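A.B. asks: Could you work out the structure for the sequence below:
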Amino acid sequence: MIKNISADELKTKLQSQPEILVVDVREQHERDAESIDGTCPIPLKEVCVAKLPKKDGPIVIHCAAGRRSLTACEMLLNESPNLEVYSLSGGIKAWKQAGGKVNTLGGHGISIFRQVQIIAGSLCLLGVLGGWLISPWFYALAGFIGAGLAFAGVSGWCGMGLVLQKMPWNK
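C.D. replies: Sure thing, here's the model as predicted:
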């Protein structure tokens, strides 16, 4: 059975039990925006007992709002039912509301993920408007960007994201 822990309970336990392992199962772009200090990053798709840095003592899993952490807890308990695993109710949002410390990594910009969405969406819109108002050849731009997004979704590799990471405003 999956146990839940509130942000207030976790804050208290971390003061008395520093050996608690807190695992962040969010994606890299989410962690880039903000993270709880001292967490171990393991994306949900990679969660397994072998990836945990230590297996003795309590483990608290967190995500953005609590849904993915429940899934991660199920995955770990299916693999090793004797683990003491907790899901942080409400995720990092609840942690912040409870006054927990959050690191903002670079915190002043827009995440790479959102930059890709803005640029790809704008290029698709430009292609459709250009195809409608100027020449049907502009529809190819929208098709090319759409194909690139589909490829990124299937493969996990996004060329536009890699280029944006190298831009001076993302340093």
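
A.B. asks: Let me see the domain layout of the chain.
C.D. replies: Domain assignment for the chain, taken from automatic domain parsing, gives 3-103, 112-170.

A.B. asks: now these in CSV, with mean neighbour count and mean pLDDT?
C.D. replies: Yep, even glycine has a C-beta here, placed from its N, CA and C like the rest. Shown next, in CSV, are the domains of the chain (neighbours: other Cβ atoms under 10 Å; pLDDT from 0 to 100):
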stretch, mean neighbour count, mean pLDDT
domain 3-103, 17, 91
domain 112-170, 14, 92
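
A.B. asks: residues contacting the spatially most central residue of the chain?
C.D. replies: Centroid check for the chain by Cα atoms, centre = their mean gives Glu27 as the closest residue, at 2.4 Å. Applying Cβ atoms under 8 Å, 6 or more residues apart in numbering to Glu27 gives the contacts Pro43, Phe113.

A.B. asks: So it versus Ser135, what's the distance?
C.D. replies: 38 Å (Cβ to Cβ, to the nearest Å).

A.B. asks: do Ile145 as well
C.D. replies: 17 Å.

A.B. asks: Please list the outside residues in contact with the longest helix that the chain contains.
C.D. replies: Secondary structure of the chain per DSSP state H: the longest helix is helix 112-133. Under the criterion Cβ under 8 Å, 6+ apart, residues 27, 29, 32, 110, 137-146, 148-149, 152, 158, 160-161, 164-165, 170 lie in contact with helix 112-133.

A.B. asks: which residues of this protein fall in strands?
C.D. replies: 3-5, 21-24, 35-36, 40-41, 59-62, 85-88, 102-103 (DSSP state E).

A.B. asks: for the second one, packing partners?
C.D. replies: I take that to be strand 21-24. strand 35-36, strand 40-41, strand 59-62 (3 or more Cβ pairs under 8 Å, 6 or more residues apart in numbering; DSSP states H and E).

A.B. asks: tell me what the first one is packed against?
C.D. replies: Applying 3+ Cβ pairs under 8 Å, 6+ apart, one finds that strand 35-36 makes contact with strand 21-24, helix 91-97, strand 102-103.
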